[in-house]
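Asks: Fold the following for me, if possible:
(chains A, B, C and D)
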There are 4 protein chains.
Amino acid sequence: MTKTESAKLFTPPDPSWRERCLASFAKQAMMRTLGVEVGSVGPGEVVLAFDRDDRLTQQHGFIHAGVLGTVLDSACGWAALSLMPVDHAVLTVEYKLNLLRPATGERFEGRGRVVKPGRTLTVAEGVLSATGEADRPLATMTATLMAVADRDIED
Amino acid sequence: MTKTESAKLFTPPDPSWRERCLASFAKQAMMRTLGVEVGSVGPGEVVLAFDRDDRLTQQHGFIHAGVLGTVLDSACGWAALSLMPVDHAVLTVEYKLNLLRPATGERFEGRGRVVKPGRTLTVAEGVLSATGEADRPLATMTATLMAVADRDIED
Amino acid sequence: MTKTESAKLFTPPDPSWRERCLASFAKQAMMRTLGVEVGSVGPGEVVLAFDRDDRLTQQHGFIHAGVLGTVLDSACGWAALSLMPVDHAVLTVEYKLNLLRPATGERFEGRGRVVKPGRTLTVAEGVLSATGEADRPLATMTATLMAVADRDIED
Amino acid sequence: MTKTESAKLFTPPDPSWRERCLASFAKQAMMRTLGVEVGSVGPGEVVLAFDRDDRLTQQHGFIHAGVLGTVLDSACGWAALSLMPVDHAVLTVEYKLNLLRPATGERFEGRGRVVKPGRTLTVAEGVLSATGEADRPLATMTATLMAVADRDIED
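Replies: Numbering: from 1, shown residues only, chains lettered A, B, ... in the order given. The predicted structure follows:
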């Protein structure tokens, strides 16, 4: 359930929305660098998962806040992409991350959900928690993403 | 110059502030994972630098927003740490990142500066740009950090 | 329902939590200036309501974003206050407001909910919508609030 | 000086930029409700000023955070408007406000400056302080604003 208190059912305008999200994920090197996997891809909602790894820690041994931000930004981005028309990509405009608890655990899930789709701007929310502890979020995000025609992005 | 329109001269309460920041950096595995180096460490101001690396990119070949967030969060964190009393660490409470332009370039610098130090909370700002293009920022951050007594952090 | 996907049941440590919130509301002049009324006060959740008024508009006749921010900040603040121990107040550390749609309507409700209570910091979320249109939010907020002992606030 | 460390000289595309900003201010009822006056209007930079008034306070007698947010949002909005092409308005997409100190004082100035103008999105920063205490900011803001063709806004 999102802040809106009701399940949102979005209808992606591109029938190949799922393939497009998965292809985009496959192209994002940073996900491999962090060891992130796709958990699920739905219309306006994407879950990513990753294991604890010493390489991702800050000086106290917690997962670095920036890793949580990277995973949630990506989950929010693909959640937005799933609702884009054909031949459009999304770029992140801005995001805000709140760290609610030190990020301890062995495996983590980051969920991104579209709160408000739009022709130009999409607002999404993200929640990250240790797997199996969805009621004890470690971090939350609000992200704004902009639709960009594929032809306007240098690839 | 920060939002405050005047150079701030902060006096770190811990005479070993510089060593402490460098020791903390040396302990943060995530910096090595991203290939980040220390550019400079001053009282309330830290610069980090890193090279473009395909491993850090998103699906269009730009540096991932999450990498910019990680570097600026770390720069803001050590800027705050430089002003902490002995036996205190800092944890990030929240941050907001604005992406101003697609992150293209060969080398990047992220600068974190304390805007308002405090006994409990410190507010810092970050700016990231390609090296040599400080007047063309790629991303800006505002971060809130909390002082925590070392004994209160499980290590 | 909050981002955490489960109803949170909070137990206020101060048995007079409701009276304290209402007394604090009665002391806040800005609520009267905007014509805001209390809708409901629960443990960790506060609803405020107000009518459209030309005095509160921006240049296009929409309710000013700053009014939405003021109401949600207050709702989040009292939601946090409801969970504070005796003799503690809360001050807003920071908040982020997303404007999802132009604020049109005749009456509005702003709801603040605690996502993560804490001894020092509390994180709350706010949603504002026209009355009867809870599934079509006009604005959302994430706010961080700090507990402060009453004796530490000049009154 | 902004985060970019260099003075920015913006050239407004609309030669009537100043008149347009002042006309927009004159149409914004909320500014009168709060007693806000224009301090200065420059290309990409606007200063607003207001006096302390009991009507604008929260429960401890400080100026309400929402008032600071309203004034800075407006200052950032007109700073963005000053750089818009003819026949375009701006709407706030989102903003983040940090409260650095309790807002005490007799008169206040809120300054909004464009950090990154854009065809679709503009990023601006705001700083609010008591008059004469520019080096002791009470609140800072980062705001994202969207250009909207006049014909697309119902007036």
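Asks: Return the set of residues that bridge with the closest residue in space to A:Ala103 that isn't next to it in sequence.
Replies: Spatially, and ignoring its direct neighbours in sequence, A:Ala103 is nearest to A:Ile63 (3.9 Å; CB to CB, 6 or more residues apart in numbering or on different chains). Heads up, the C-betas are built off the backbone N, CA and C, glycines and all. A:Ile63 forms beta bridges with A:Thr57, as assigned by DSSP bridges.
Asks: Show me where chain A has its strands.
Replies: Counting by DSSP state E, the segments of chain A that form strands are A:37-42, A:45-51, A:88-99, A:107-116, A:121-130, A:139-149.
Asks: TSV for these, including mean neighbour count and mean pLDDT?
Replies: Listed next are those as TSV, based on neighbours: other CB atoms under 10 Å in any protein chain shown; pLDDT from 0 to 100:
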stretch	mean neighbour count	mean pLDDT
strand A:37-42	15	98
strand A:45-51	21	98
strand A:88-99	24	97
strand A:107-116	23	98
strand A:121-130	25	98
strand A:139-149	23	97
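Asks: could the ones you listed go into CSV alongside distance to B:Arg113?
Replies: As requested, the strands of chain A are exported to CSV (distance: least, CB to CB, whole Å):
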stretch, distance to B:Arg113
strand A:37-42, 37
strand A:45-51, 31
strand A:88-99, 19
strand A:107-116, 29
strand A:121-130, 27
strand A:139-149, 24
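Asks: D:Thr104: which of these is closest?
Replies: Taking CB to CB, strand A:88-99 is the member of those nearest to D:Thr104, at 27.5 Å.
Asks: quick one: strands adjacent to the closest one?
Replies: Strand A:88-99 has these strand partners (DSSP bridges): strand A:139-149 (antiparallel), strand B:88-99 (antiparallel).
Asks: coming back round to it: count of neighbours near the residue nearest to A:Ala103?
Replies: Neighbour count of A:Ile63, defined by other CB atoms under 10 Å in any protein chain shown: 25.
Asks: gap between the lengthiest helix in chain A and the chain center?
Replies: In chain A, with assignment by DSSP state H, the single longest helix is helix A:65-81. Put simply, helix A:65-81 sits 3 Å off its chain's centre (CA atoms, centre = their mean, to the nearest Å).
Asks: Over to stretch A:18-29?
Replies: 12 Å.
Asks: And for stretch A:89-108?
Replies: 8 Å.
Asks: Show the end-to-end separation of that stretch, please.
Replies: 27 Å (CA to CA, to the nearest Å).
Asks: ditto for stretch A:46-63
Replies: End-to-end distance for stretch A:46-63: 21 Å, by CA to CA.
Asks: for stretch A:122-141, same thing?
Replies: End to end - CA to CA - stretch A:122-141 spans 14 Å.
Asks: State the phi and psi torsions of the spatially closest residue to A:Arg52 that is not a sequence neighbour.
Replies: Here the nearest residue to A:Arg52 in space, its sequence neighbours aside, is A:Glu106; by CB to CB, 6+ apart that works out to 5.1 Å. For A:Glu106, the backbone dihedrals (degrees, to the nearest 10) come out as phi -110, psi -30.
Asks: Would the longest helix of chain A count as contacting chain D?
Replies: No - using CB under 8 Å from any CB of the partner chain, helix A:65-81 stays clear of chain D, with a minimum separation of 13.8 Å.
Asks: how many degrees apart are that helix and strand A:45-51 in direction?
Replies: Comparing the axes of helix A:65-81 and strand A:45-51 via axes from the mean of the first three to the mean of the last three CA atoms, to 10 degrees yields an angle of 150 degrees.
Asks: related to what we said a few turns ago, residues contacting the residue nearest to A:Arg52?
Replies: The neighbourhood of A:Glu106, defined by CB atoms under 8 Å, 6 or more residues apart in numbering or on different chains, consists of A:51-52, A:130-131.
Asks: before we move on, what about A:Leu68?
Replies: Counted by CB under 8 Å, 6+ apart, A:Leu68 has contacts A:97, A:99, A:103, A:108, A:110, A:128, A:138-139.
Asks: about what we covered before: now the longest helix of chain A against strand A:37-42, angle please.
Replies: Using the same axes, to 10 degrees: helix A:65-81 against strand A:37-42 is 30 degrees.
Asks: ok, back up a step: so which of the contacts of A:Leu68 comes closest to chain D?
Replies: Checking the contacts of A:Leu68 against chain D with CB to the nearest CB, the nearest one is A:Leu97 at 11.4 Å.
Asks: In contact with that closest one, which residues?
Replies: The neighbours of A:Leu97, taking CB under 8 Å, 6+ apart as the test, are A:65, A:68-69, A:72, A:139-141, B:69, B:94-97.
Asks: How about A:Gly39?
Replies: A:46-49, A:109.
Asks: Can you tell me which residue sits nearest the middle of chain A?
Replies: Chain A has A:Ala75 as the residue nearest its centroid, 1.1 Å off, counting by CA atoms, centre = their mean.
Asks: how close does it sit to B:Arg119?
Replies: Distance, A:Ala75 to B:Arg119, by CB to CB, to the nearest Å: 36 Å.
Asks: so what's the backbone phi/psi at the closest residue to A:Asp14 other than its chain neighbours?
Replies: Leaving aside its chain neighbours, A:Asp14 sits nearest to A:Val86 (4.8 Å; criterion: CB to CB, 6+ apart). Backbone dihedrals for A:Val86, given as degrees, to the nearest 10, come out at phi -50, psi 140.
Asks: A:Trp17: neighbour count?
Replies: 23.
Asks: That one touches A:Ala80, doesn't it?
Replies: No - if you go by CB atoms under 8 Å, A:Trp17 and A:Ala80 don't touch, sitting 11.0 Å apart.
Asks: in stretch A:18-36, what's buried?
Replies: Within stretch A:18-36, the residues scored as buried using 16 or more other CB atoms under 10 Å in any protein chain shown are A:20-21, A:24-25, A:28-31, A:33-34, A:36.
Asks: Other residues contacting that stretch?
Replies: Contacts for stretch A:18-36 (CB under 8 Å, 6+ apart): A:14, A:38, A:41, A:46, A:48-51, A:53, A:56, A:67, A:70-71, A:74, A:78, A:81-82, A:89, B:33, B:54-59, B:64, B:66-67.
Asks: All set, thanks.
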